[in-house]
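Asker: Dropping the sequence and predicted coords here.
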Amino acid sequence: MRIKKVTKAVFPVAGLGTRFLPATKSIPKEIMTLVDRPLIQYAIDEARAAGIKEFIFVTSRGKGALEDYFDHAPELEASLTRSNKLDLLKVLEHTNMESGAIAYVRQHKALGLGHAVWCARRLIGDEPFAVMLPDDVIASDKSCLQQMVEAYAETGGNMVAAMEVSPEKASSYGMLSVAEDRGAIVEVNGMVEKPKSNAPSNLAVIGRYILSPTVLNNLNRIKEGAGGEIQLTDAIAEEIGGPEKVYGFRFRGQRYDCGSKAGFLQATVAFGLARPELREEFSAYLSDMVAQEKAAQ
């Protein structure tokens, strides 16, 4: 059977970002920056590396700044050209999207991730598609979604990014029940959203998915799940036992939960230290801070 290429990605960005108030009163969480790049830029770069050509954003009221971010800025570009700041001009080019490559659809009610994906159903059509949560920033040599696309070319079906978590954190994730463990790829025979106890494994689903369009049909029928929301996990679980199998993929890389303040700060430190032009000064500052704290104790 010929497996279709994945060329579309859905970015659910309708959330209010209340954990980052008051900043998110006027700034969409997705354009908050790690060093000098917004969270959404990390997601877009990852998608591009995986061969994604069409970018579908599920937004809500107050996300105008997010839409403007991907537009051309002729005055700024002209100013950089006049000043011969060609290196900055090249950086700016990565933020621009070609006409027709990006589309926006509104989610008028906050009914969960499954509902957000369902809102994009007409733009997805009858093709496999990726879902990317910008809150999950993944540092890796090869982009996480690219790793998944390459694995998907062999398996087809549905694939979710998975990582191992401690038992006390299982209640914060969708957890996988494993039928067969092949190393990087695991075949899934069950999924439980945020189990309160007795998680079926230590493999948690994080914010990268490659899904069959039949998941959209499942979302038409899915009722409210955990937290009173329409859960994408429930719709994917409907695929288990059918012709389109469900797989977990152990990606290579470090995931940062930038939907939390602690995770955002951890990512800021990690990405700051990864930048050659910042590493020496920033590392020295952090070392001094640790030394001062020890001395104060």
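Answerer: Looks like it arrived, so ask away. Note that the structure is a prediction, hence the values are computed from the model and not measured.

Asker: Contact partners for the closest residue to residue 125 other than its chain neighbours?
Answerer: With sequence-adjacent residues excluded and distances taken as Cβ to Cβ, 6 or more residues apart in numbering, residue 125 is closest to residue 213, at 7.1 Å. Every C-beta, even on glycine, is put in place using the N, C-alpha and C of the backbone. Residue 213 makes contacts with 124, 125, 126, 127, 128, 129, as judged by Cβ atoms under 8 Å, 6 or more residues apart in numbering.

Asker: Got a ChimeraX select line for the buried ones in these?
Answerer: Buried members of the contacts of residue 213 can be picked out in ChimeraX with the line below, counting by 16 or more other Cβ atoms under 10 Å:
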select :124,128,129
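
Asker: quick revisit: quick check: the residue nearest to residue 125 vs residue 148, distance?
Answerer: As for residue 213, its distance to residue 148 is 17 Å (criterion: Cβ to Cβ, to the nearest Å).

Asker: And the next helix or strand past the helix or strand in which residue 146 is found?
Answerer: Using DSSP states H and E, residue 146 sits within helix 144-155. Downstream of helix 144-155, the first helix or strand assigned by DSSP H and E is strand 158-164.

Asker: burial count for residue 293?
Answerer: Neighbour count for residue 293, taken as other Cβ atoms under 10 Å: 9.

Asker: Next: residue 9.
Answerer: Neighbour number of residue 9 under other Cβ under 10 Å is 28.

Asker: Would you agree it is in contact with residue 56?
Answerer: Yes: taking contacts as Cβ atoms under 8 Å, residue 9 lies within contact range of residue 56: 6.8 Å.

Asker: nearest spatial neighbour of residue 32, skipping sequence neighbours?
Answerer: Residue nearest to residue 32 in three dimensions, not counting chain neighbours: residue 39, with 6.0 Å by Cβ to Cβ, 6+ apart.

Asker: Could you report the pLDDT at the one you found?
Answerer: The per-residue pLDDT reported for residue 39 equals 95.

Asker: Can you pull the phi/psi pair for it?
Answerer: phi -50, psi -40 (degrees, to the nearest 10).

Asker: Tell me how far it lies from residue 256.
Answerer: To residue 256, residue 39 is 10 Å away according to Cβ to Cβ.

Asker: what's the overlap in contacts for the two?
Answerer: Jointly contacting residue 39 and residue 256 under the rule Cβ under 8 Å, 6+ apart are residue 137.

Asker: Pretty sure residue 210 is one of the things residue 6 touches, is it not?
Answerer: Yes: using Cβ under 8 Å, residue 6 is in contact with residue 210, at 5.7 Å.

Asker: okay, and the common contacts of those two?
Answerer: Common neighbours of residue 6 and residue 210 (criterion: Cβ under 8 Å, 6+ apart): 128, 129, 130, 149, 152.

Asker: Just put those in TSV and tack on pLDDT and distance to residue 250.
Answerer: Shown next, in TSV, are the shared contacts of residue 6 and residue 210 (pLDDT from 0 to 100; distance: Cβ to Cβ, whole Å):
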residue	pLDDT	distance to residue 250
128	95	20
129	96	22
130	97	17
149	96	15
152	94	14
